[in-house]
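**Student:** Next come a sequence and a model predicted from it.
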Amino acid sequence: MTTPISISRTAILDRIQARAKQANRPASDICLIAVSKQQPDVRIKEMLETGQSVFGENRVQEAQKRWTDTFADKRGPLELHLIGPLQTNKAADACRLFDVIQTLDREKLAKALVKVRDNEGELPRLFVQVNTGEELQKAGIIPSKLDSFIKTLRTVYGIEPEGLMCIPPAFTQYIGQHPGQAPGPHFALLNKMADANGLKNLSMGMSADFEPAIDFGATHVRVGSALFGPRL
Ligand SMILES: *Cc1c(COP(=O)(O)O)cnc(C)c1O
């Protein structure tokens, strides 16, 4: 038996509230993004019925099918976040669908976005993704290049991001012989970099680590499996 979505959602919201309180922060400063990627339609429908209005997706095409086709009639008031890597050839489609793109991480993509802005007159809200663990397989700009990237966005492209996003290295107690990395230092680093660049929002924390992320100032937590159950 799977837990009803309304119950898992209430449980997550309670945990956010408790952790915010413990961290001396207003819970209203923390936005729960329900990560609906690879979830069956019945679970999405259940989630929509709870009143959840903020959703995250990692693939443009999958998200288009879900939110402009299957659930097109529900799209109106929702806030959709792209949290997966964005190819430049999908930039226009992504801008049309999403309210927020969290994965701006390179100049080539900034150029593509500016082109969309020239055509459409506006852009979605933007976060810059930082590869805090400097992992080769992961998207995101590396920390040492962040300050100059933000400066370039502002001065060359006229883009003002509203925050930073990160996905720390997978944390398991021991990976073979090697201890995994705890996420805390990655969250602390993202917080510090946002501060240094005058950016107010921090998208960090997933099912396994949204509570420590709240300690380090997360304003957006991206929770998938803990809300919906395992992905398809
Ligand atoms: C899938 C995904 C999530 C949600 O992961 P869960 O562990 O299921 O909560 C959050 N952020 C990003 C970028 C993801 O791709």
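**Tutor:** Arrived safely. This structure is a prediction, so every number in the text was calculated from the model and none was measured.

**Student:** drop to CA atoms for contacts and neighbour counts, all remaining ones
**Tutor:** Will do.

**Student:** Next one: the closest residue to residue 131 other than its chain neighbours relative to residue 124, how far apart?
**Tutor:** Using C-alpha to C-alpha, 6 or more residues apart in numbering and skipping the chain neighbours, the partner closest in space to residue 131 is residue 140 (4.4 Å). In this structure, residue 140 and residue 124 are separated by 18 Å, where distance is defined by C-alpha to C-alpha, to the nearest Å.

**Student:** quick one: which of those two has more around it?
**Tutor:** Taking neighbours as other C-alpha atoms under 10 Å, residue 140 and residue 124 compare with residue 140 leading, 24 against 18.

**Student:** OK, contacts around the more buried one?
**Tutor:** By C-alpha atoms under 8 Å, 6 or more residues apart in numbering, residue 140 lies in contact with 103, 104, 105, 106, 128, 129, 130, 131, 166.

**Student:** For the most centrally placed residue in the chain, give me phi and psi.
**Tutor:** Geometric centre of the chain, nearest residue: residue 83, 4.5 Å, by C-alpha atoms, centre = their mean. Backbone torsions of residue 83, given as degrees, to the nearest 10, read phi -120, psi 0.

**Student:** Close to the ligand: what parts of the protein are there?
**Tutor:** Residues of the chain found near the ligand (C-alpha under 6 Å from any ligand atom) are 35, 58, 83, 84, 206, 207, 222, 223, 224, 225, 226.

**Student:** do that again at 8 Å, thanks
**Tutor:** 35, 37, 56-58, 83-84, 166-167, 204-208, 221-227, 230-231 (C-alpha under 8 Å from any ligand atom).

**Student:** ChimeraX command for the buried members of those residues?
**Tutor:** Selection command for ChimeraX covering only the buried members of the residues of the chain next to the ligand, criterion 16 or more other C-alpha atoms under 10 Å:
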select :35,37,56,57,58,83,84,166,167,204,205,206,221,222,223,224,225,226,227
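
**Student:** Mind checking which of the residues of the chain next to the ligand are in helices?
**Tutor:** When the residues of the chain next to the ligand are checked against helices (DSSP state H), the matches are 225, 226, 227.

**Student:** which SS state does residue 164 fall under?
**Tutor:** Three-state call for residue 164 (DSSP: H, G, I helix; E, B strand; the rest coil): strand.

**Student:** how about low-confidence regions in this protein?
**Tutor:** 1, 172-180 (pLDDT under 70).

**Student:** which stretches of it form strands?
**Tutor:** Assignment of strands within the chain using DSSP state E yields the ranges 31-35, 54-57, 79-82, 100-104, 125-130, 163-166, 174-175, 178-179, 201-203, 220-223.

**Student:** elements contacting the last one?
**Tutor:** Right, strand 220-223. Other elements packing on strand 220-223 under the criterion 3 or more C-alpha pairs under 8 Å, 6 or more residues apart in numbering; DSSP states H and E are strand 31-35, strand 201-203, helix 210-215.
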